[in-house]
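> need a 3D model of the following:
(2 chains)
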Amino acid sequence: MQLTGDQRAILDGARGSYLATCMRWLVEWGEAMGARRLIPCDNTHAILAAPNLMARGATPATLEAFAAGLRQASSQKTAAGCYCTIHTAFVTLDEVDVAQNDATEVRLQREVAAMAADAGFIPTFTCAPYLVGNVPLKGEICAWTESSAVVYANSILGARTTRHGSESAIAASLLGLVPEFGVLLDENRRGTLLVEVSATLETTTDWGALGYFAGRIAGLGIPVFHGVRRPTQDEAKQLCAALATSGGVTMCHIAGVTPEAPTLEAAFHGDVPQEPVAFTGRTLEATYASLRNHTGDEIDSVILGCPHASIREIAGIAALLKGKRVADGVRLWIDTARITKGGADAMGYTRTIEDAGGRILCDTCPTNMRIPARRIVTHGFKQAHYARGMVGAEVIVAATQACVRAAVAGRWMGD
Amino acid sequence: MTDRVVIRGRGVVKGRAEGEALVADATLSFWGEVDPVTGKVIAVGHPLEGESLRGKVLVIRSTKGSSGTPMILNLAKLEGNAPAAFVNVEVDSLAALGCIVNGIPMITDLDRNPFEWIHTGDLVDVDADAGLVRIQMRRETQADSAAPPRK
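Numbering: from 1, shown residues only, chains lettered A, B, ... in the order given. Sure thing, here's the model as predicted:
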C-alpha cells in the first residue's frame, strides 16, 4: 500500500506508540484486503464495550487486559472533523436487577464512556446510529461497526463503509483514515444476486424474513431486491439486520430505493442476471418457521427493539400496551438508545410502557447481556437467530403486534 | 503414513501455525455464535455446534454476521481459546482484521477444495508466509497409531 509521508511518520511513531499501532492495523488490514491507499473518513461508529464475561467465568486477567485496551483507545482524541458515535455496550448503565449486569463491568463501562466523551466520541451506545442523529449523506466515507448498520448505511443512505471491527473503527476514529477497499469503490458495489420478491410483505418483521432468507444465499455478496415497494425506515432496519445475520452482507440494493440504484440495471451495473432467486409467499412462511423452535406456548420473555427501537416503534408499542398489563412472569423489554429513551420519557411513552409492566432497556439488549431465558418472542430475526445459542432459549419470531399480544397473554397466541 | 497433501493458496495474514483441523463448509459469526469463555461454537443447528475452536485450524467458507468478530476473537485469545489458524474460501474483512490484531495466520484462494481434502481431526500446518497448507497426518493414521480407533 502506498502511504503519504505523514502516514508513514505516524506508522513510525511520530504521534506516539498507540497511534502507530492504529496505523499498523489499518495498513495491514488494507494490504490483506487489497487496498492501495488510505483515504479520509469523516464518520465512525466504534465499539468501546466492556465485555460481560465475569458472570460466565472468564479470568480476571482477561478483563484487565481488555480494559487496558479500552482505556488506551479512549484516552486519545478523535480526528478533527470526524463524527464518532459508539456501538452498544454489553451491559446497561442503568440499574437493573440481573446478575449479568456485573457491577465491575458496569463501572468499567461508565469510566470508558466518560473518557470516550472527553476524547470526542458521542457515547450513544446503540446498534442503530442512524436513528440517533448519525445519518451520513450519500457518498460519505464511514467506518462503522455493527453489521446491520453497515448494510443500512450503504444500502439505504448511499454512504460507504466496509464491515469494520473494534480495532479498525477505533483507528479510523483517531486517524480519520480508512483503507480503500470493497464497497468504498464503485466497482465493488455491483449487485451479485437477484432476488425476485412475489411474497406480500405486510409487517415490519416480514422484511426481516426477506433479509434472513437472502443473506444465507448471498454470503459475502450483494443481493438486489426486485418487486418490493419502498420500505419504511423500520422495515429497512429489519431487512438490513437480517441480511447481516444469516450472511456476511455489506450492502444490498432495492431497485428504485437505494440511492445509486434507480433501476435494476443500475443495481447490476448493466448486467442483470438471468436467473433470479424467488422469494414467494411460501418462502416467507418457511423462513418464519426456521426461527420458531418452540416446544410449547408458555413464554417468559418478549424482546422488542432489535435493532434498537426507533421513537416511532416505541410510540406504536406504547399504543398497543395502553390500558393493558404484561402477564406475570413475562419480561417485556424494549431495547433502544439512551437518546431515544430520553424522547420517550419526555413524550410519555415510557410511562405508558412501564404502567403496563414493560421496560425500556438502554445501551444494550438482553441477548448481548446474555440474560438466560426459556422461551423468547421477538420481532427481530437477528435477535431470534442469536438468542438460541447465546441465552439457550427457544425462540418465536413474529410481528410486533403478535409479540405484544403474547406478552399480555403470557403465552404465544399465534400470528 | 499417508501421502502428504499440500494445498496452495494466498496468505492473507502472515504467520505459521499447526493444529488439528476443524472443517465445515459453512459460515460462522464469532459474536453470537462462539463463546470466548468456553471456546465453543454455540450456534444452534450449526455443523460445528458444540465444537471447541481452541488451537484448531478453522477450515470454513468464511466468517459472516456480526462486526463483533474481532472483539470476540480477541477475548477468546485472552482466554486461551482462539483458533491457531484460519483457512477460508472467501475473506470477510472482519476475520482478516481479527487475525491481524491477534496474530493468527490466515490463508485463502486455495488451489484445491479444502472441504474435499481436509477433514476434521487431520493435523494441518498452515504456512501463510509461503501460502501453503500441508496436511501432516490424516485422522485415520492418528487413530491407527493411537487408540482407540474411530467407528
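> which other residues reach the top strand by length along chain B?
Longest strand in chain B by number of residues (criterion: DSSP state E): strand B:16-23. The list of residues contacting strand B:16-23 from outside it, by Cβ atoms under 8 Å, 6 or more residues apart in numbering or on different chains, reads B:48, B:51, B:53, B:55-60, B:83-85, B:87, B:104-105, B:114-115, B:118-129, B:135-136. (Glycine included, C-beta is placed from N, CA and C.)
> make it 7 Å
For strand B:16-23, the surrounding residues in contact (Cβ atoms under 7 Å, 6 or more residues apart in numbering or on different chains) are B:48, B:51, B:53, B:55-59, B:84-85, B:105, B:115, B:118-129.
> now do stretch A:219-229
By Cβ under 7 Å, 6+ apart, the list of residues contacting stretch A:219-229 from outside reads A:190-198, A:201, A:214, A:243, A:247-249, A:251-255, A:264, A:267-268, B:27, B:62, B:64, B:90, B:92.
> stretch B:36-55 vs chain A: in contact?
Yes. Using Cβ under 7 Å from any Cβ of the partner chain, stretch B:36-55 reaches chain A at B:36, B:37, B:42, B:43, B:44.
> would you list those in TSV and tack on pLDDT?
Shown next, in TSV, are the residues of stretch B:36-55 next to chain A (pLDDT from 0 to 100):
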residue	pLDDT
B:36	96
B:37	96
B:42	97
B:43	97
B:44	95
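> let's see if you can find the most crowded of the residues you listed.
If you count neighbours using other Cβ atoms under 10 Å in any protein chain shown, the busiest of those is residue B:36, which has 26 neighbours.
> how far away is that residue from residue A:208?
Remark: distance between residue B:36 and residue A:208 (Cβ to Cβ, to the nearest Å) = 27 Å.
> how about residue A:302?
Computed as Cβ to Cβ, the residue A:302 to residue A:208 distance reads 16 Å.
> between the two ends of stretch A:89-106, what distance do you get?
The first and final residues of stretch A:89-106 sit 9 Å from each other (Cα to Cα, to the nearest Å).
> report the distance from stretch A:202-217 to the chain centre.
Distance of stretch A:202-217 from the chain centroid (Cα atoms, centre = their mean, to the nearest Å) equals 15 Å.
> show me what counts as buried in it.
Going by neighbour count (16 or more other Cβ atoms under 10 Å in any protein chain shown), the buried part of stretch A:202-217 is A:203-216.
> contacting residues for the nearest residue to residue A:102 once chain neighbours are set aside?
Counting by Cβ to Cβ, 6 or more residues apart in numbering or on different chains, residue A:102 lies nearest to residue A:54, which is 4.7 Å off, once chain neighbours are set aside. Residues in contact with residue A:54, defined by Cβ under 7 Å, 6+ apart, are A:63, A:102, A:104, A:105.
> ok, residue A:396 next?
When contacts are taken as Cβ under 7 Å, 6+ apart, residue A:396 is in contact with A:292, A:294, A:377, A:412.
> filter the residues you listed down to the buried ones and hand me the PyMOL line.
In PyMOL syntax, the buried subset of the contacts of residue A:396 is picked out as below (16+ other Cβ under 10 Å):
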select buried, chain A and resi 294+377+412
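> pLDDT, distance to chain B and secondary structure for the contacts of residue A:396 - can I get that in TSV?
As requested, the contacts of residue A:396 are exported to TSV (pLDDT from 0 to 100; distance: Cβ to the nearest Cβ, whole Å; DSSP: H, G, I helix; E, B strand; the rest coil):
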residue	pLDDT	distance to chain B	secondary structure
A:292	98	13	strand
A:294	97	13	coil
A:377	98	17	strand
A:412	98	19	coil
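> nearest residue to residue A:75 other than its sequence neighbours?
Sequence neighbours aside, residue A:115 is the residue nearest to residue A:75 in space, at 5.8 Å (criterion: Cβ to Cβ, 6+ apart).
> oh, that last question was meant for residue B:101, not what I typed.
residue A:167 (4.9 Å).
> middle-most residue in chain B, spatially?
Centroid-nearest residue in chain B: residue B:58, 1.1 Å away (criterion: Cα atoms, centre = their mean).
> is it true that that one touches residue B:82?
No. Applying Cβ atoms under 7 Å, one finds residue B:58 not in contact with residue B:82, separated by 9.6 Å.
> check the contacts of strand B:16-23 for burial and list the buried ones.
Those of those that meet the buried threshold are B:48, B:51, B:53, B:55-59, B:84-85, B:105, B:118-119, B:121-128, by 16+ other Cβ under 10 Å.
> on that earlier part again, quick check: the residue nearest to the centre of chain B is in a helix.
No. Assessed by DSSP: H, G, I helix; E, B strand; the rest coil, residue B:58 does not belong to a helix; its assignment is strand.
> how much space separates the residue nearest to it when sequence neighbours are not counted from residue B:124?
The shortest distance from residue B:58 to any non-neighbouring residue, by Cβ to Cβ, 6+ apart, is to residue B:83 (4.3 Å). With distances defined as Cβ to Cβ, the gap from residue B:83 to residue B:124 amounts to 11 Å.
> okay, and the common contacts of these two?
Any residue near both residue B:83 and residue B:124 by Cβ under 7 Å, 6+ apart counts here, and that gives residue B:57.
> which residues of the stretch 51-200 of chain A lie near chain B?
Applying Cβ under 7 Å from any Cβ, one finds that the stretch 51-200 of chain A approaches chain B through A:51, A:53, A:56-59, A:62, A:65-66, A:145-147, A:150, A:162-168, A:182.
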